[in-house]
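Enquirer: All I have is the shape, not the residue letters:
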């Protein structure tokens, strides 16, 4: 069963943030909040799953507090009145460090994990289907908020080490010449699309790095590199691909390739030794003319987190990095549905791939 009705992620949302959950909460929906706790005097932050943009009706108030040794409060607010607090006297977050917070909607409760580890289950006190908004406030910076329908793989833990609705494969060996080494739409503008999401629950680097705290880099054998996966149904106008990860320290280059059989319809190749982001197409083992122009400086940084959004339009790919539009790449392979595989190679560690 394929994932359907998946909502595109919110990219680099500014805190305080409030955004629509398209279609509301449903059993099996998983919401992942990825960001960093600010190293400031502010001692709290909160994530609310609520009804509307106001704060009168909150189904789940998830509120880490760093005072008194650190603990997390969960609660529900109905018609402006708070219920009884549930406190977990444990603090899984650290100031100045990145985190990945995951909410899974289950029939009787929310299952919450932090950095890939189970943290708490919170029983529903109000009908969860009334929730249509997520808000974040307090001492955090956000990288993205993503949405996944986990019913595609009901036998797997929703926040397991690797989440995938299809097997992960190593790339086949293509014959002929080898490739050279290796305005974004907001979530509520993009249509619902068929989506496959692969996520590794590592601790990603920070979107807004603190120079004094280098991001951790983990070599996780369960997320193989090179990475190769299918794009169900191929590409079509409004289809988007989202890839996030960490550029390895000292990286020279990496590649993101959208493939059509042995051809590479779109080759995205950041090269740190040339301070360039090269784009090209390879047909019948022959490369076309490179494109290198960018509106500003190199958008990728060695040792730092990145998020690439590729939106397929009828005439081009629109590509953004960390929420900033970088360029349009006009199609050189016009049979979009035949572009049905994604390959990532080179000096990166992946944390999230959505096809």
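Expert: Nice, I can see it. Just so we're clear, the structure is a prediction, and the values are computed from it rather than from any experiment.

Enquirer: where in this structure is pLDDT low?
Expert: Low-confidence segments of the chain, defined by pLDDT under 70, are located at 1-6, 151-223.

Enquirer: domains of it?
Expert: Described in terms of automatic domain parsing, the domain architecture of the chain consists of the residue ranges 3-157, 193-354.

Enquirer: What's the local residue count around residue 65?
Expert: Around residue 65 there are 17 other residues, counting by other C-beta atoms under 10 Å. C-beta coordinates here come from the backbone N, C-alpha and C atoms, glycine included.

Enquirer: Nearest residue to it in space, ignoring adjacent ones along the chain?
Expert: The shortest distance from residue 65 to any residue that is not its chain neighbour, by C-beta to C-beta, 6 or more residues apart in numbering, is 4.9 Å, and that residue is residue 44.

Enquirer: gap between the one you found and residue 73?
Expert: 9 Å (C-beta to C-beta, to the nearest Å).

Enquirer: what's the overlap in contacts for those two?
Expert: Residues within reach of residue 44 and of residue 73 at once, by C-beta atoms under 8 Å, 6 or more residues apart in numbering, are 63, 65.

Enquirer: if I read this right, the residue nearest to residue 65 contacts residue 95, doesn't it?
Expert: No. Taking C-beta atoms under 8 Å as the definition, residue 44 is not a contact partner of residue 95, at 11.3 Å.

Enquirer: any common contacting residues for these two?
Expert: Any residue near both residue 44 and residue 95 by C-beta under 8 Å, 6+ apart counts here, and that gives 66, 139.

Enquirer: Using the three-state scheme, assign residue 256.
Expert: Taking DSSP: H, G, I helix; E, B strand; the rest coil as the rule, one finds residue 256 in the strand state.

Enquirer: That one: what's its closest spatial neighbour, skipping adjacent residues?
Expert: Take residue 256 and drop its neighbours on the chain: the residue closest to it by C-beta to C-beta, 6+ apart is residue 268, 4.3 Å away.

Enquirer: That neighbour and residue 328, how far apart?
Expert: Shown here: residue 268 relative to residue 328, a distance of 13 Å by C-beta to C-beta.

Enquirer: cool, residue 8 as well?
Expert: Applying C-beta to C-beta, one obtains 19 Å for the distance of residue 8 from residue 328.

Enquirer: if you count what's nearby, which of those two comes out ahead?
Expert: Taking neighbours as other C-beta under 10 Å, residue 8 and residue 328 compare with residue 8 leading, 25 against 15.

Enquirer: can you count the residues close to residue 283?
Expert: The local packing count at residue 283 equals 14, with neighbours defined by other C-beta under 10 Å.

Enquirer: List the contacts of it.
Expert: Residue 283 sits in contact with 263, 332, 333, where contact means C-beta under 8 Å, 6+ apart.

Enquirer: mind listing what the closest residue to residue 123 other than its chain neighbours touches?
Expert: With C-beta to C-beta, 6+ apart as the measure, residue 109 is the residue that lies nearest to residue 123, at 4.6 Å, once sequence neighbours are left out. Residues counted as contacts of residue 109 (C-beta under 8 Å, 6+ apart) are 121, 122, 123, 124.

Enquirer: close enough to count as contact, the second one and residue 74?
Expert: Yes. Applying C-beta under 8 Å, one finds residue 122 in contact with residue 74, separated by 4.9 Å.

Enquirer: residues shared between the contacts of the two?
Expert: When contacts are counted by C-beta under 8 Å, 6+ apart, residue 122 and residue 74 are jointly contacted by 60, 86.

Enquirer: buried sites along the helix or strand where residue 279 lies?
Expert: Assessed by DSSP states H and E, residue 279 sits inside strand 276-283. Neighbour counts over strand 276-283 (16 or more other C-beta atoms under 10 Å) mark 276, 277, 278, 279, 280, 281, 282 as buried.

Enquirer: Kind regards, and thank you for your time.
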